[in-house]
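Visitor: Test case, fold it:
(one chain, ligands or ions: 1)
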Amino acid sequence: MAGVRIVPTADGPNMIVGAVGLEWPSGHSISQEGEPDASGAIYLCRCGASKNKPFCDNSHTRIGFKSTEGDATAHRN
Ligand code: FES
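Guide: As a prediction, this is how the structure comes out:
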């Protein structure tokens, strides 16, 4: 399936696969330079602790973020 996929990773960021544009509320573009991994995916923080928002900086590991607690849809197919 072509297009953009958003994959919440276990106890971590949202992985974004596919070309997307990111903007601040002001409408200014957010540079993604240096952010994509080898597959081209980018990772957006959902724990709130990143010092490089909106990107994940692995702070979720330091704070022990648990994404699946209370998520009733985490294990649906
Ligand atoms: S999800 Fe990784 S720093 Fe927040």
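Visitor: just checking, what packs against the helix or strand bottoming out on mean pLDDT in the chain?
Guide: Taking mean pLDDT, DSSP states H and E as the measure, the helix or strand of the chain with the lowest value is strand 5-8, at a mean of 92. Helices and strands touching strand 5-8, by 3 or more C-beta pairs under 8 Å, 6 or more residues apart in numbering; DSSP states H and E, are strand 14-17. Quick note: C-beta positions are derived from backbone N, CA and C, even for glycine.
Visitor: one step back: figure out how far the least confident helix or strand of the chain is from the centre of its chain.
Guide: Put simply, strand 5-8 sits 8 Å off its chain's centre (C-alpha atoms, centre = their mean, to the nearest Å).
Visitor: do the same with stretch 19-34
Guide: Computed by C-alpha atoms, centre = their mean, the chain-centroid distance of stretch 19-34 equals 13 Å.
Visitor: same thing with stretch 23-37?
Guide: Taking C-alpha atoms, centre = their mean, one finds stretch 23-37 lying 13 Å from the centre of the chain it belongs to.
Visitor: just stretch 26-45 next, same as before
Guide: Worked out by C-alpha atoms, centre = their mean, stretch 26-45 lies 9 Å from the chain centre.
Visitor: Quickly check: the least confident helix or strand of the chain near the ligand or not.
Guide: No. Using C-beta under 6 Å from any ligand atom, we find that strand 5-8 stays clear of the ligand, coming within 9.7 Å at best.
Visitor: Sheet-wise, list the partners of that strand with their directions.
Guide: Paired strands of strand 5-8, with direction, are strand 14-17 (antiparallel) (DSSP bridges).
Visitor: Helix, strand or coil: sort out Ile60 for me.
Guide: Actually, residue 60 is His. It isn't Ile. Secondary structure for His60, judged by DSSP: H, G, I helix; E, B strand; the rest coil, is helix.
Visitor: where's the closest residue to it other than its chain neighbours relative to the ligand, distance?
Guide: Here the nearest residue to His60 in space, its sequence neighbours aside, is Cys47; by C-beta to C-beta, 6 or more residues apart in numbering that works out to 4.1 Å. Using C-beta to the nearest ligand atom, to the nearest Å, Cys47 is found at 3 Å from the ligand.
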